[in-house]
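> Got a predicted structure plus its sequence, pasted below:
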Amino acid sequence: MKLVLAYSGGLDTSYCAKYLSKEKGFEVHAVKCKYRRVFSGRNQEY
C-alpha cells in the first residue's frame with residue numbers, strides 16, 4: 001500500500017517514515033512541509 005506523509009523534517013516524522021516503510025511495509029511518499037507562523041496582537045497565521 002502507498003502512503004503520503006507530511007514531513008516536517010523533525011525526528012518524529014523521520015522515525016515514522018522509516019517505521020511505516022520498514023516495519024509495516026508501506027510505500028512511503030514524504031512531502032516536506034515548511035511553514036512559518038507569525039504572531040501578532042490578533043494571533044494571525046501567514
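Arrived safely.
> Quick check: Cys33 vs Val4, distance?
11 Å (CB to CB, to the nearest Å). C-beta here means a position set from N, CA and C on the backbone, and glycine is covered the same way.
> helix/strand/coil for Leu20?
Secondary structure state of Leu20, per DSSP: H, G, I helix; E, B strand; the rest coil, is helix.
> Who's the closest spatial neighbour of it, skipping the chain neighbours?
Nearest residue to Leu20, sequence neighbours excluded (CB to CB, 6 or more residues apart in numbering): Phe26, at 4.6 Å.
> and His29, how many neighbours?
Neighbourhood size, His29 [other CB atoms under 10 Å]: 11.
> pretty sure the residue nearest to Leu20 contacts Tyr19?
No - using CB atoms under 8 Å as the test, Phe26 is too far from Tyr19 to be in contact (9.3 Å).
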